[in-house]
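Trainee: mind folding the following:
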Amino acid sequence: VPLSLVTEQLPAVERGLPYAVQLEAVGGLRPYRWDASGLPDGLALDPDSGLVSGVSEALGTYEPTVSVVDALGSEAQASYTLECLRAPLVVRTEALPDGLTGEPYMATLEASGGTPPYEWAVPELPAGLQLDARTGRLSGIPRQRGAQELAVEVTDVRGAVASATVTLSLEVPALTLVTE
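Mentor: Predicted coordinates for the structure are as follows:
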């Protein structure tokens with residue numbers, strides 16, 4: 001069977017996220033030796049295994065060419081179209097630090113992916129807390145105790161939206177008894 005590349009297409013790269021795709025060839029005589037040109041920065045092809053992997057910050061369309069050579073010197077080559085896309089917008093904050101009622105509180109919501117800058121929204125904040133929509137910073141002096149599930153939403157500059165529910169626990173500070 002003559003040597004040929006059987007990988008038909010390469011899946012899209014999401015900017016800033018790990019990428020790994022195993023290229024496949026059939027025929028010829030193993031071992032194979034792999035080579036590629038035109039891959040985006042941050043991605044590399046392992047010459048022994050045919051694994052394309054790495055983390056790329058590139059955006060746009062690339063047209064890499066891949067070749068494989070078998071032990072007898074036979075070669076197969078293929079060109080691909082590889083899209084490098086922005087990673088999806090995701091709320092990274094899973095829970096907020098606990099706080100005390102009547103005491104200053106501050107925490108910052110975090111997101112990744114999409115296209116910054118982000119705009120944050122939390123429709124129902126506990127009494128006494130405010131949200132800076134530009135930075136995702138929650139601050140203030142909470143007045144109500146208890147655990148609350150907060151619906152958090154972030155929007156990027158291109159209009160992509162991500163949402164999550166995060167927990168905020170607020171407790172009453174311990175009383176200190178002072179005797180003289």
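Trainee: quickly list what residue 34 is bridged to.
Mentor: Residues in a beta bridge with residue 34, per DSSP bridges, are residue 68.
Trainee: how close does it sit to residue 93?
Mentor: With distances taken as CB to CB, to the nearest Å, residue 34 is found 41 Å from residue 93. Quick note: C-beta positions are derived from backbone N, CA and C, even for glycine.
Trainee: try residue 61
Mentor: 33 Å.
Trainee: skip the chain neighbours and tell me the closest residue to residue 106.
Mentor: residue 139 (4.5 Å; CB to CB, 6 or more residues apart in numbering).
Trainee: which parts of the one helix or strand that neighbour maps to are buried?
Mentor: In the assignment (DSSP states H and E), residue 139 maps to strand 137-140. Across strand 137-140, burial judged by 16 or more other CB atoms under 10 Å covers 138-140.
Trainee: check stretch 156-164 too.
Mentor: For stretch 156-164, the neighbour count (16+ other CB under 10 Å) marks 156, 162, 164 as buried.
Trainee: could you check the pLDDT of residue 162?
Mentor: Residue 162 is assigned a predicted lDDT (pLDDT) of 97.
Trainee: residue 140 too?
Mentor: The model's pLDDT for residue 140 equals 97.
Trainee: residue contacts, it?
Mentor: 104-105, 128-130 (CB atoms under 8 Å, 6 or more residues apart in numbering).
Trainee: how many other residues sit next to the residue nearest to residue 74 when sequence neighbours are not counted?
Mentor: Spatially, and ignoring its direct neighbours in sequence, residue 74 is nearest to residue 3 (4.5 Å; CB to CB, 6+ apart). Neighbours of residue 3 under the rule other CB atoms under 10 Å: 20.
Trainee: and residue 3, its phi and psi?
Mentor: Main-chain dihedrals, residue 3, degrees, to the nearest 10: phi -70, psi 130.
Trainee: quick revisit: can you tell me which of the contacts of residue 140 are in strands?
Mentor: 105, 129-130 (DSSP state E).
Trainee: any idea how far residue 56 lies from residue 41?
Mentor: Taken as CB to CB, the span from residue 56 to residue 41 is 6 Å.
Trainee: comparing these two, which residue is more hemmed in?
Mentor: The neighbour count for residue 56 versus residue 41, taken as other CB under 10 Å, is higher for residue 56 (20 against 12).
Trainee: phi, psi of that one?
Mentor: phi -110, psi 140.
Trainee: what about residue 18, how many residues close to it?
Mentor: There are 10 residues near residue 18, going by other CB under 10 Å.
Trainee: check contacts around residue 62.
Mentor: 38-40, 81-84.
Trainee: could you redo the last one with a cut-off of 7 Å?
Mentor: When contacts are counted by CB atoms under 7 Å, 6 or more residues apart in numbering, residue 62 touches 38-40, 82, 84.
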